[in-house]
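*Asks:* Everything below, folded, please.
(chains A and B)
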Amino acid sequence: MIKHDVVIVGSGLAGMRAALETCKGLDVAILTKVYPTRSHSGAAQGGIAASLGSTESDSWEEHMYDTVKGGDFLSDQDAVEEYVKAAPKVIYELEHLGCIFSRTPDGKIAQRHFGGHSKPRACFAADRTGHAILHALHEQILKEGKSVKIYSEWFMHSLITEGNKCKGVVVSDIQTGAVEVIQAKSVIFCTGGYGRVCKITSNAFASTADGVMAAFNAGIPLEDAEFVQFHPSGLYRQGILFSEAARSEGGYLVNGKGERFMEKYAPSRMELAPRDIVSRAEQSEIDEGRGIDGKDYIYLDLRHLGEKKINERLPQIRQLGLDFIGVDCVTDPLPIQPTAHYSMGGIPTNKFGQVIIDDQGTPMEGFFAAGECACVSVHGANRLGTNSLLEAVVFGQRAGKAAFEYTQKASFENINEGQEKARILETFEDIFQRDGTESYNVIRNEMKEVMTSHCGVYRSAKKLEHCIETLKKLQVRYKKGKVTDRGKLFNTELYEIIELGNMLKMAEIIATCALSREESRGGHHRTDFPKRDDDKFLKHTLVYPGKDGLDIKYKPVTLGKHKPVERTY
Amino acid sequence: MATFKIKRYNPEKQAEPYYEEFQYDIPAGSTVLDCMNEIKWQQDGSLTFRMSCRSAICGSCAVKVNGHATLACQKQAENMVKNDTIVLEPLGNMKPLKDLAVDFTPFWDKINKVTPYLQPRSAPPEKERRQSPAEFKMIDDTSTCIMCGSCYSDCNVLEVDDNFLGPAALAKAQRFVGDSRDSKTLERVKQLSEYGGIWDCTHCAECVERCPKPAEPFYRIKEIMAVALEKGVHDNVGARHAISFVNSVKHSGSLNENKLPVESMGFFNIKGLLELVPVGLRMLLKRKVPPILHKSIENVQDVRRIFRKLNQ
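*Replies:* So this is what the prediction gives:
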C-alpha cells in the first residue's frame, strides 16, 4: 500500500497551490490523469481578478458586490468576503513566485475590464493567464521535488471513507493498469469541472466529473449542480474558447442583421455584461432567427481593434481563429456560440476548504476540496470571468492550509487494502466482459447532444424530463457497449468508458437538480419559470445518493450586507 | 476518403512496431486530432495517444505527422493529406510506450536540470516586483511554451547525443536568464555553457519549424548565447568558436579555417589541440586543407563597416 501524509487529486492551479501549502514538513503526493502542465487551468485565458487598483482605484468591497450581484445573490457572502480580501495578496504571491504578468508602463501588474466587474480588475499575462500561473506553480513544485511526489497519468477511482473520516483513495496507473490504494491522513480533491457532459463545451477531454462522482459515491452530497455556466464565445461547432478578453479589449457581438444586439439586453454594460446574460442574449437571437444567415451562431467582431492591439493583447485568439477555422480576426469576424464552460456547483465545502456533508456544516474529517470541483459557494448562480483562477488559487491555498493543520494531528487509519482493490478490479473485469455491439461513442454523443439541447442555456420542465429519461436509457445501454481493448497497458479506451459512466450519472444529477429548481437565477434559466423566486429558492441545492434515485434537499444561503435586488446591467 | 497510416506498437502483444492503415473520410473543418479520435471511436478502440484540451494549450497531443512533430489538434487534417495519405508516428528521441504515446521521462528530467524556477535577488516586497513592459517582452515568447515535446522529438542533436539538454529545456532556461527579476543570470549562463548546453546546439533551427507556439527554442538559445558572451563566460569551446568566427570575418571578410579550430580549442588546451591532429592529418590526405595564408576578401572594408554599424 502506498502511503502519503497528504494526497492531492488533480494538478491544476488549486491542486498545485494546495501542494505548496502542505509540502513544508509533510510528505505530499499529487495525482493527475495527465501531467501537471497539461491540466485544464492552463486553458484559462483572460485574467485573474483582484482589486489591486493598478490603473484605477478599486476596493475589495466593490469586488465583493460585483461577485455577489454577478452570482444572482446565491453566493455565501461570508466566504465571498474572505475570498476577495485575500485576492491582492495571492496575486502578489504568484508574482513573487515568478509568474509572469503583462505590465503597466510603470512596471505594475496590468489590469483590464472584464464582464460584470465594475473596475479594471483582471490581472493578465496577454491572453494566456491560466497557462502562466499553471507553469509558475509547476516550477515551484519541481523546486519542492523532494517533498512532493507527482503521480502523472494515474486515475482516481474512489474515495475511502468510514463514518465521518476519510482514509485514502483507490487509484490506478494508466500506463500499466496496476490498481493501488493510497493511504493518506488527508485527501484534497482539486479535480476540476465536468463540462464534457455537453456537446458544445470549452472543456478539455479530461473534464469528466471523476472527482465529484467519487465524492458522491462515498455518500457526500453535491451542491448547486444545476448551475452550469455557458460562455458566450465558444468557437462555432467546436466550443473552443475565445476569451472574454476579446470583448474586454473592445470586441463587438453582432447578429445576422449586423446589429450589436447587446443594446437590447444590457444597455449599460453591452458586451461586458455577465456571461449568463450575454449567452442568453445570443441564444435568443439565434432562436429568433437572427443568427448569421439564420444559423445557430453569431459573430464576434474584432476588426476595429486593429492588428497591433490584437497582436499585443489577443495573440492566441488570432492564432486559434487561423488554426481552427482559417479565419483571421484582423480581417474577418469570428463565428461563435454559447459553450458549456464552468460548473458553479460541486462538492460542498466551508470557507476553509473542508468538505461539508450535510446542511448543518458537519465536515468530513481529512477530506478537502478546492477549485472548480468544489462549491464554497463564492460564485452563487453565475461566476464572473477571472474569478475562477482566483478561486483556484485562494481556496487551493486555504484547503492546503486546513489540510496541513489537520494532518499534523491525524494518524493513518486502517484500510482493507485487498477489498478496496478488488472492487476496482471487478469494475475493470466487468467492462472487459461486456460483449455488446454498440459503440460507446454513440452513447457518449447522445448524452452530449441531449445535454446541450435540453439542459442548456434555456431549460423547461418538458425539456428536462425528456433529458432525464434519455439519460436513464443511456445508463442502461452503457452497461453493455462494445469493448475492443482488453489489455492492461495504457488502455485509454478503458478509462474513457469509466469516465463516460461518471458523466452519465453527473448529467442526470445536473438535469434533476435543474428540474427541481423552479425559478430562473444566474446560469440556470427556466422558460416555464422565467423569474427569480427568492421566497422559494434563495437556497442551495444539495443532492444525495438516495435509495431509489436522487434525494434532493436544500440549505440556506449565508447572506450578509448585500440584500437581493433585481439584477440589471 | 483518406488513408491514415498509423505506426502501431503494443509490447503486450507484439515486440515489433508495425504500420496499420485506416480509411477515413475527413469531414470539413476536422483537425488531425479529431480524425484520430473518430478512428479510435469508430474503428479501433485500442488506438492509443494522448490528448486533452484540443485547443493547442495543454501540449498533450504532439505526434509525428508525415514525419514531422506536430500538435495534432492544431492542424486541419485536409491540409496534411499527401497522396491521399496522412502518416502518423510517435514523437522521436523518446521511447514509445504504446502506439503514439511515448515516455516523456527524459524530457522532464532535462527541464529539471536547468533550475527551472525564479531565484530572486531579495526577499519579496509588499506588492509586486516592478518589471517594465520591455522587460516582460524579453520573456514573453519563451513563456508561451506548452511542453509538447515537438522540438525535443525532431532535434537533430538529440538524435546523436543524449546528453544535450534539448531545445525545450534551454528555452525554459532562457525564461529565467532573461527575467529581470532573477538574480542568478551569471551562474545560469555558466552552467548552460557546459557540455550538453547551448553551445552543443548545431543551429539547424528545426525546433523553430516544429514549435507550435512563439517559443521557438533556437532563438531563445541564441539569446542565452548573447548573454553568456556579454557576461564574459568565454572559457569553453563554443564561446571561443563564436568569438573566433566573428573576429575572423571582421578582420578579413571570410573565415580563417586554420585559426578557427585552434582558437576554439584554446591555445593552452594541449589535450584538445592534440585531439585535432588526426583530423588535420585526414584532411591533408583528402586534400581538404585550406590555404596556409589566409587572405582578406576584396571588399573587406564593406564588411568592417557593417560591424561598425552594429557597434561591434
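*Asks:* Spell out which parts of the stretch 101-250 of chain B neighbour chain A.
*Replies:* Selection of the stretch 101-250 of chain B residues close to chain A by CB under 8 Å from any CB of the partner chain yields B:101, B:104, B:108, B:111-112, B:116-118, B:120, B:124, B:126-133, B:135-136, B:139-140, B:143-147, B:176, B:179, B:181, B:214. C-beta coordinates here come from the backbone N, C-alpha and C atoms, glycine included.
*Asks:* Drop anything exposed from those residues.
*Replies:* B:101, B:104, B:108, B:111, B:116-118, B:120, B:127-129, B:131, B:135-136, B:139-140, B:143-147, B:176, B:179, B:181 (16 or more other CB atoms under 10 Å in any protein chain shown).
*Asks:* In strands, which of the residues of the stretch 101-250 of chain B next to chain A fall?
*Replies:* B:A101 (DSSP state E).
*Asks:* and the residues of the stretch 101-250 of chain B next to chain A, which of them are in helices?
*Replies:* B:W108, B:I111, B:N112, B:P133, B:E135, B:F136, B:I139, B:D140, B:F176 (DSSP state H).
*Asks:* Quick check: closest non-adjacent residue to the second one.
*Replies:* Distances taken as CB to CB, 6 or more residues apart in numbering or on different chains put B:A169 closest to B:I111, at 5.1 Å, once the chain neighbours are dropped.
*Asks:* check whether the helix or strand hosting A:E465 contacts chain B.
*Replies:* In this structure, A:E465 sits in helix A:461-478 according to DSSP states H and E. No - if you take CB under 8 Å from any CB as the test, helix A:461-478 misses chain B, and the best it gets is 14.9 Å.
*Asks:* That helix packs against which elements?
*Replies:* helix A:440-454, helix A:492-516 (3 or more CB pairs under 8 Å, 6 or more residues apart in numbering or on different chains; DSSP states H and E).
*Asks:* Measure how the shortest one sits relative to helix A:492-516, angle-wise.
*Replies:* Same thing as helix A:440-454. Put simply, helix A:440-454 runs at 20 degrees to helix A:492-516, going by axes from the mean of the first three to the mean of the last three CA atoms, to 10 degrees.
*Asks:* Return the distance of helix A:440-454 from the chain's centre.
*Replies:* Counting by CA atoms, centre = their mean, to the nearest Å, helix A:440-454 is centred 20 Å from the centre of its parent chain.
*Asks:* Per-residue pLDDT of the residue nearest to B:Q74 when sequence neighbours are not counted, please?
*Replies:* When the adjacent residues along the chain are set aside, B:Q74 lies closest to B:A56, with 4.5 Å between them (CB to CB, 6+ apart). We have a pLDDT of 95 for B:A56.
*Asks:* cool, and the one 3 residues further on?
*Replies:* With respect to pLDDT, B:G59 scores 97.
*Asks:* Verify the contact between it and B:A69 for me.
*Replies:* No - the criterion here is CB atoms under 8 Å, and B:G59 misses it with B:A69 at 11.6 Å.
*Asks:* Strands of the stretch 151-300 of chain A, start to end?
*Replies:* Taking DSSP state E, counting those that start in this stretch, the strands of the stretch 151-300 of chain A run over residues A:154-162, A:165-173, A:179-189, A:222-223, A:228-235, A:252-254, A:298-301.
*Asks:* Mean neighbour count, those strands: which tops it?
*Replies:* strand A:228-235 (a mean of 28; mean count of other CB atoms under 10 Å in any protein chain shown).
*Asks:* Could you see whether chain B lies near it?
*Replies:* No - figure legend: strand A:228-235 not in contact with chain B (CB under 8 Å from any CB); closest approach 8.5 Å.
*Asks:* so who does A:F432 touch?
*Replies:* The contact partners of A:F432, by CB atoms under 8 Å, 6 or more residues apart in numbering or on different chains, come to A:V483, A:R486.
*Asks:* what's the neighbour count on residue 30?
*Replies:* In the absence of a named chain, chain A is used. Close neighbours of A:I30, defined as other CB atoms under 10 Å in any protein chain shown, add up to 26.
*Asks:* other chain: chain B
*Replies:* By other CB under 10 Å, neighbour count at B:S30 equals 18.
*Asks:* Give me the distance between it and B:M80.
*Replies:* 11 Å (CB to CB, to the nearest Å).
*Asks:* One more: A:H96?
*Replies:* 44 Å.
*Asks:* between the two, who's got more neighbours?
*Replies:* B:M80 (21 against 18).
*Asks:* Verify the stated contact: that one with B:I86.
*Replies:* Yes - using CB under 8 Å, B:M80 is in contact with B:I86, at 5.2 Å.
*Asks:* Run through the residues of the stretch 301-450 of chain A sitting next to chain B.
*Replies:* A:P315, A:Q316, A:Q319, A:L320, A:D323, A:F324, A:I325, A:G326, A:S439, A:Y440, A:N441.
*Asks:* mean confidence for the helix holding A:E465?
*Replies:* On average, helix A:461-478 scores 98.
*Asks:* repeat for stretch A:181-196
*Replies:* 98.
*Asks:* Tell me which stretches of the stretch 1-150 of chain A form helices.
*Replies:* All helices of the stretch 1-150 of chain A, identified by DSSP state H, counting those that start in this stretch, fall at A:13-22, A:60-70, A:77-97, A:129-143.
*Asks:* for the ones you listed, which one ends up most surrounded?
*Replies:* The most buried one of the helices of the stretch 1-150 of chain A (mean count of other CB under 10 Å) is helix A:13-22, showing a mean of 30.
*Asks:* Regarding stretch B:41-61, how distant is the last residue from the first?
*Replies:* 17 Å (CA to CA, to the nearest Å).
*Asks:* Kindly report the same for stretch A:337-355.
*Replies:* 35 Å.
*Asks:* And for the closest residue to B:W108 other than its chain neighbours, the neighbour number?
*Replies:* Leaving aside its chain neighbours, B:W108 sits nearest to A:Y35 (7.9 Å; criterion: CB to CB, 6+ apart). Neighbour count of A:Y35, defined by other CB under 10 Å: 20.
*Asks:* For A:Y35, give me its contacts.
*Replies:* A:Y35 touches A:S11, A:I150, A:S152, A:E153, B:S60, B:F104, B:W108, counting by CB under 8 Å, 6+ apart.
*Asks:* about what we covered before: out of the helices of the stretch 1-150 of chain A, nearest to A:L390?
*Replies:* helix A:77-97 (5.6 Å; CB to CB).
*Asks:* for that closest one, packing partners?
*Replies:* helix A:60-70, helix A:129-143, helix A:387-409.
*Asks:* what about 10 Å?
*Replies:* Using 3 or more CB pairs under 10 Å, 6 or more residues apart in numbering or on different chains; DSSP states H and E as the contact criterion, the elements in contact with helix A:77-97 are helix A:13-22, strand A:48-49, helix A:60-70, strand A:122-123, helix A:129-143, helix A:387-409.
*Asks:* how far off helix A:77-97 does the third one point, in degrees?
*Replies:* For helix A:60-70 and helix A:77-97, the angle between their directions (the same axes, to 10 degrees) works out to 120 degrees.
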